[in-house]
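**Student:** Curious how this folds, go ahead:
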Amino acid sequence: MTPSFLAIIAVEKFEDAMPIDRQVKKYKKRFGVEFTTTTFSNWMIKTSELRLKPLIDKLNTVQMNSGYIQADETTLQVLNEKGKTAKQKSYIWLKASTDKYPIVLMHYSSNRNEKTAEYLFNGFTGYMQTDGYPGYNIVANRKEVTQLGCWAHSRRRFADILKSGVSDTQSKKYAKEIVDMIAKLYKVEKDIKDDPPDKKKQIREEKSVQIIQEIEQWCDEHFLNAHSIGGSIARALTYLKNQLPKLSIYTEDGRLNIDNNIAENHVRPIAVGRKNWLFATSTKGATALCNWYSVIETAKANGLDAYAYLNYVLTQLPIYEAEEKDIEELLPWNVELD
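**Tutor:** Numbers count the residues shown, from 1 in each chain. Got it, this is the predicted structure:
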């Protein structure tokens with residue numbers, strides 16, 4: 001099987017969200033060859049194991065030394081998974097970093113517990129940015145790790161109240177006040193998005209810190225009344241108040257982001273794909289899926305065309321292996337494609 005055809009299959013599934021069975025039908029008709037979904041799937045799995053895994057290991061080494069990683073998770077259905085029914089959820093865990101080199105890595109796990117977070121961040125030192133999911137606490141509690149919160153997640157809880165059919169006017173009033181204050185933080189970020197890190201830090205200290213203090217004061221003043229109202233406004237305010245120490249940390253370093261949206265943006269292709277290909281058949285397939293997404297999303301994050309990059313590295317990797325050359329030369333930021 002040629003590298004170019006493997007790259008086409010991968011891009012059509014993982015970037016274009018075309019299920020394998022539809023590809024098989026298309027290529028049967030086009031080439032008159034009796035392809036099967038099993039054949040295509042096995043090609044994806046074997047190529048992932050033999051070719052992509054060494055590349056991903058290199059990417060992971062660079063990312064773990066970056067000092068700043070965002071993390072998120074999304075669900076995945078795996079039909080044949082030991083000890084689980086086909087309807088039980090499994091997960092894709094995602095780590096994204098942009099400091100110097102954009103890297104997106106995905107990891108399949110049968111669960112969402114803290115052991116996976118501990119494994120993924122084993123040996124990591126620096127800033128870890130997540131939402132409020134407590135599964136990351138085992139990592140955040142290490143003295144060499146500083147956990148940031150995500151303002152987008154906190155804002156979303158109040159924005160949902162405004163969009164909902166909640167008739168309680170006081171809840172909506174509170175929600176709008178918080179959303180408006182958070183909007184001021186995002187206005188600062190919009191104004192400084194092209195500034196260097198030291199300038200960002202300076203302006204955040206001058207403007208954002210004061211806005212966060214105003215939000216904290218607002219929470220203290222309205223906390224008890226929000227809880228007397230109860231429901232979604234009480235839950236949203238409790239979440240925000242508990243997260244505020246972590247939500248403030250981004251102001252101390254200009255490299256850091258106000259939210260976890262970089263990671264979330266790389267979760268979206270999976271969500272789109274899931275609507276079409278629905279599930280992974282096996283745990284090997286789920287692992288391969290994560291590997292392909294990792295390489296494709298990292299290539300795109302570095303401004304490369306996914307097909308062109310895959311075709312190139314799948315052609316070069318066997319040569320580099322045979323000649324025992326360092327495959328760091330094949331990482332996306334070291335590659336120039338015509």
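**Student:** which residues does Arg157 contact?
**Tutor:** Contact analysis of Arg157 by C-beta atoms under 8 Å, 6 or more residues apart in numbering lists Ser232, Arg235, Ala236, Tyr239, Leu240. Heads up, the C-betas are built off the backbone N, CA and C, glycines and all.
**Student:** Asp191 now?
**Tutor:** Asp191 sits next to Ile203 when contact means C-beta under 8 Å, 6+ apart.
**Student:** Among the contacts of Arg157, which are located in helices?
**Tutor:** Counting by DSSP state H, the part of the contacts of Arg157 found in helices is Ser232, Arg235, Ala236, Tyr239, Leu240.
**Student:** Would you mind measuring from the third one to His222?
**Tutor:** Spelled out, it's Ala236. Taking C-beta to C-beta, to the nearest Å as the measure, Ala236 falls 11 Å from His222.
**Student:** what about the residue nearest the centre of the chain, which helix or strand?
**Tutor:** Against the mean C-alpha coordinate of the chain, by C-alpha atoms, centre = their mean, the closest residue is Ala263 at 3.0 Å. Per DSSP states H and E, Ala263 falls inside helix 261-277.
**Student:** Identify each buried residue in that helix, please.
**Tutor:** Of the residues in helix 261-277, those buried by neighbour count under the rule 16 or more other C-beta atoms under 10 Å are Asn261, Ile262, Ala263, Glu264, His266, Val267, Pro269, Ile270, Gly273, Arg274, Trp277.
**Student:** Where does confidence bottom out across these?
**Tutor:** For the buried residues of helix 261-277, the weakest pLDDT value sits at Trp277, with 66.
**Student:** Next, the buried residues of the helix or strand hosting Leu224.
**Tutor:** Taking DSSP H and E as the criterion, Leu224 maps to helix 209-229. For helix 209-229, the neighbour count (16+ other C-beta under 10 Å) marks Ile211, Ile212, Ile215, Glu216, Trp218, Cys219, His222, Ala226 as buried.
**Student:** which residues touch the residue nearest to Arg274 when sequence neighbours are not counted?
**Tutor:** Residue nearest to Arg274 in three dimensions, not counting chain neighbours: Leu76, with 7.5 Å by C-beta to C-beta, 6 or more residues apart in numbering. Residues in contact with Leu76 (C-beta under 8 Å, 6+ apart) are Lys89, Ser90, Tyr91, Ile92, Tyr108, Ile270, Arg274, Phe279, Ala280, Ala286, Leu289.
**Student:** helix, strand or coil for the second one?
**Tutor:** Taking DSSP: H, G, I helix; E, B strand; the rest coil as the rule, one finds Ser90 in the strand state.
**Student:** The longest strand anywhere in the chain: partners in the sheet, and parallel or antiparallel?
**Tutor:** Using DSSP state E to define each element, the chain has its longest strand at strand 68-80. Strand 68-80 has the following strand partners under DSSP bridges: strand 89-97 (antiparallel), strand 126-129 (parallel), strand 280-282 (parallel).
**Student:** The ones you listed into TSV, with extra columns for mean neighbour count, mean pLDDT and distance to Leu247?
**Tutor:** Putting the strands paired with strand 68-80 into TSV (neighbours: other C-beta atoms under 10 Å; pLDDT from 0 to 100; distance: least, C-beta to C-beta, whole Å) gives the following:
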stretch	mean neighbour count	mean pLDDT	distance to Leu247
strand 89-97	22	94	19
strand 126-129	23	97	10
strand 280-282	19	85	35
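**Student:** Just the buried ones from the contacts of Arg157, in PyMOL syntax?
**Tutor:** In PyMOL syntax, the buried subset of the contacts of Arg157 is picked out as below (16+ other C-beta under 10 Å):
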select buried, resi 232+236+239+240
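**Student:** so can I have a markdown table of the contacts of Arg157 showing distance to Arg204 and pLDDT?
**Tutor:** As requested, the contacts of Arg157 are exported to a markdown table (distance: C-beta to C-beta, whole Å; pLDDT from 0 to 100):
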| residue | distance to Arg204 | pLDDT |
| --- | --- | --- |
| Ser232 | 30 | 93 |
| Arg235 | 28 | 95 |
| Ala236 | 24 | 95 |
| Tyr239 | 23 | 95 |
| Leu240 | 19 | 96 |
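**Student:** Any chance of TSV for the contacts of Arg157, columns distance to Asp180?
**Tutor:** Shown next, in TSV, are the contacts of Arg157 (distance: C-beta to C-beta, whole Å):
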residue	distance to Asp180
Ser232	18
Arg235	20
Ala236	14
Tyr239	18
Leu240	14
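**Student:** With distance to Gly83 as new columns, can the strands paired with strand 68-80 be given to me in CSV?
**Tutor:** Formatted as CSV, the strands paired with strand 68-80 follow (distance: least, C-beta to C-beta, whole Å):
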stretch, distance to Gly83
strand 89-97, 11
strand 126-129, 29
strand 280-282, 14
